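S.K.: Next one to model:
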Amino acid sequence: MRRGRHEQGGRALSRRSGKKAGTFARVVRRYLWRGDPAAKAAAVTQFVVAVLAVAAATLGVTGVAFISSTFFRAVALVVGSVILLAQLVAGEQWHKQANVLANLRRNVHSDLPDRIESIVTTNLAAASKAAVREVAPARIETELREILSTSSGWMFQGGSGRWLRSATLPHLARARNTDVNITALLLDPRDEELCVQWVQSHFSRRYNEGPSSPMVPRMIQTNVLATIYSLGWYGACSRIKPKIVLLSTFSSQRYDVGSTGLVITVATRNEPAIYARNGSWFYETVCSDLLKACERNPSVNLPQEDSREPLIYPVLDDVQGPTVAAALQQMTIDDGSGASHPLLDRYSSPAELDFDSIAREVRQPG
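M.R.: Numbers count the residues shown, from 1 in each chain. Next comes the predicted model:
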């Protein structure tokens, strides 16, 4: 019986000792064994010195034992050496880490512009290949000229056709080996109300107000007639085959359709445009709508081959009011009824027109 009690007491003491040892180990792991190896070594060494100091002080005060100063000096020397070595190792590791971070910063800063440029270039390349996309206002002119440079034909629907005269016709007139078909859907210059509505809409969209500019309906009519004459001139003096259609309504959009793509713009200059590549559903739909409009509206009959005399189509720089008047008076309108009507009629009667202004727009369309 007595032996069993001693065994139970021993087991209880072992359990208590084990618990204390486990607690000590947890304290060491939690508060001392942290950080890099050098920091761990320094912390453990400092802990051991503190424990020894407390033990020595306790033994000396109670008189149980006396620890000589020589022993403490030796211990302090060992501990100091260990701490110094740990600090040196830690400092070396810190310098290595600092060098790695510095190299990383240099690489990031040096590569960042290239990476940004690569991302932007990739996105722009992907956007430029889109079948239908938005075009920023600053790039509209560039986009139009890129389409023009790769096109062998053109369709236009808009107001005055000034860009058609200044850019499209001169470029496409360079063709020497094949005919170039150009279709222009323009405002009917005989319709005064239509010209007034176009001017009002044009200025309200561009300036968010009424027509406060000196531009009046007669000026849009002058530009339309200058475009009609220019199409006739290029038809007589180049491989261009023009078709002129007169619209009884107008749209706030302008359509420039080349054989490789199209651009749709509005009167407001700070608004983006729409681009569509040939072969896209959008391109095909717009072309189909324009062709249907050509079938529903009257067209202009240009002077016949035998009447294209130098009197009406001289060198472009020599075009004057009388030559423009002579050419326009020979043009007629085909409305599909089988009867022909003069182009210069109603609001565009010869007595109401300034042919010198029309000739000036022909010579200087920009």
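S.K.: C-alpha only now, for contacts and for neighbours.
M.R.: Noted.
S.K.: what helix or strand is Arg145 on?
M.R.: In the assignment (DSSP states H and E), Arg145 maps to helix 140-149.
S.K.: can you tell me the average pLDDT over that helix?
M.R.: The average pLDDT within helix 140-149 is 96.
S.K.: how about the CA coordinates for that helix, as CSV?
M.R.: C-alpha atoms of helix 140-149 as CSV (Å, rounded to 0.1, in the frame of the first residue of the first chain):
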residue,chain,number,x,y,z
ILE,A,140,-11.1,61.6,-86.7
GLU,A,141,-9.1,63.4,-89.4
THR,A,142,-6.3,60.8,-89.2
GLU,A,143,-8.8,57.9,-89.4
LEU,A,144,-10.5,59.5,-92.5
ARG,A,145,-7.2,59.9,-94.3
GLU,A,146,-6.2,56.3,-93.5
ILE,A,147,-9.4,55.0,-95.0
LEU,A,148,-9.0,57.4,-98.0
SER,A,149,-5.5,56.2,-98.7
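S.K.: all numbers from here: first residue = 529
M.R.: I'll keep to 529 as the first residue from here, and by that count the last item is helix 668-677.
S.K.: Not counting its own residues, what contacts the helix or strand following it?
M.R.: Once the chain leaves helix 668-677, the next helix or strand it forms, by DSSP H and E, is strand 682-685. Outside of strand 682-685, the residues within contact range by CA atoms under 8 Å, 6 or more residues apart in numbering are 692, 709-714, 782-787, 818.
S.K.: Which residues does the helix or strand that comes right after strand 682-685 contact?
M.R.: Going down the chain from strand 682-685, the next helix or strand is helix 690-691, by DSSP H and E. Contacts of helix 690-691 with the rest of the structure, by CA under 8 Å, 6+ apart, involve Asn751, Thr755, Pro893, Gly894.
S.K.: of those residues, buried ones?
M.R.: Buried members of these, counted by 16 or more other CA atoms under 10 Å: Asn751, Thr755, Pro893.
S.K.: what's the closest of those residues to Asn825?
M.R.: Using CA to CA, Thr755 comes nearest to Asn825 of the buried ones among the contacts of helix 690-691, at 17.8 Å.
S.K.: quick one: Cys765 from Leu759, how far?
M.R.: As judged by CA to CA, to the nearest Å, Cys765 and Leu759 stand 10 Å apart.
S.K.: and those two? which has more neighbours close in?
M.R.: Counted by other CA atoms under 10 Å, Cys765 and Leu759 do not tie: Leu759 has more neighbours, with 24 against 15.
S.K.: can you tell me the average pLDDT over the helix or strand where Arg746 lies?
M.R.: Assigned by DSSP H and E, Arg746 falls within helix 745-765. The average pLDDT within helix 745-765 is 94.
S.K.: Would you mind pulling up the elements that it packs against?
M.R.: Applying 3 or more CA pairs under 8 Å, 6 or more residues apart in numbering; DSSP states H and E, we find helix 745-765 packed against helix 720-735, strand 768-775, helix 849-857, helix 883-891.
S.K.: Kindly reformat these as TSV and extend each row with mean neighbour count, mean pLDDT and distance to Arg797.
M.R.: Listed next are the helices and strands packed on helix 745-765 as TSV, based on neighbours: other CA atoms under 10 Å; pLDDT from 0 to 100; distance: least, CA to CA, whole Å:
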stretch	mean neighbour count	mean pLDDT	distance to Arg797
helix 720-735	17	78	7
strand 768-775	22	96	24
helix 849-857	18	94	31
helix 883-891	21	96	22
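S.K.: Shouldn't Lys820 be within a helix?
M.R.: Yes: under DSSP: H, G, I helix; E, B strand; the rest coil, Lys820 sits within a helix.
S.K.: What count of nearby residues applies to it?
M.R.: Count around Lys820 with other CA under 10 Å applied: 11.
S.K.: related to what we said a few turns ago, so which of the contacts of helix 690-691 would you say is closest to Leu722?
M.R.: Distances from Leu722 to the contacts of helix 690-691, taken by CA to CA, are shortest for Asn751, at 14.2 Å.
S.K.: Next, the contact list for the closest one, please.
M.R.: The contact partners of Asn751, taken as CA under 8 Å, 6+ apart, are Ser688, Gly689, Arg690, Ile886, Glu889.
S.K.: Contacts only, for the closest residue to Pro850 other than its chain neighbours.
M.R.: Setting aside the residues directly before and after it, Pro850 is nearest to Phe883 in space (CA to CA, 6 or more residues apart in numbering), at 7.0 Å. The neighbours of Phe883, taking CA under 8 Å, 6+ apart as the test, are Gln848, Gly849, Pro850, Val852, Ala853.
S.K.: Can you give me the distance of Leu715 to Tyr783?
M.R.: 13 Å.
S.K.: Next, show the common contact partners of these two.
M.R.: Taking CA under 8 Å, 6+ apart as the criterion, Leu715 and Tyr783 both touch Gly686.
S.K.: And the two? Which one has more around it.
M.R.: Leu715 (26 against 22).
S.K.: For that one, which non-adjacent residue is closest in space?
M.R.: That would be Leu775: by CA to CA, 6+ apart, it lies 5.1 Å from Leu715.
S.K.: Let me know whether that neighbour touches Leu713 as I believe.
M.R.: Yes: contact criterion CA atoms under 8 Å: Leu775 and Leu713 qualify, at 6.5 Å.
S.K.: Ala879 and Leu872: what is the separation?
M.R.: From Ala879 to Leu872 the distance is 9 Å (CA to CA).
S.K.: Which neighbours do these two have in common?
M.R.: Counting by CA under 8 Å, 6+ apart, nothing touches both Ala879 and Leu872.
S.K.: Could you check which of those two has the larger neighbour count?
M.R.: Set Ala879 next to Leu872 and count neighbours by other CA under 10 Å: Leu872 wins out with 22 against 10.
S.K.: now that one: how far from His699?
M.R.: Distance from Leu872 to His699, by CA to CA: 29 Å.
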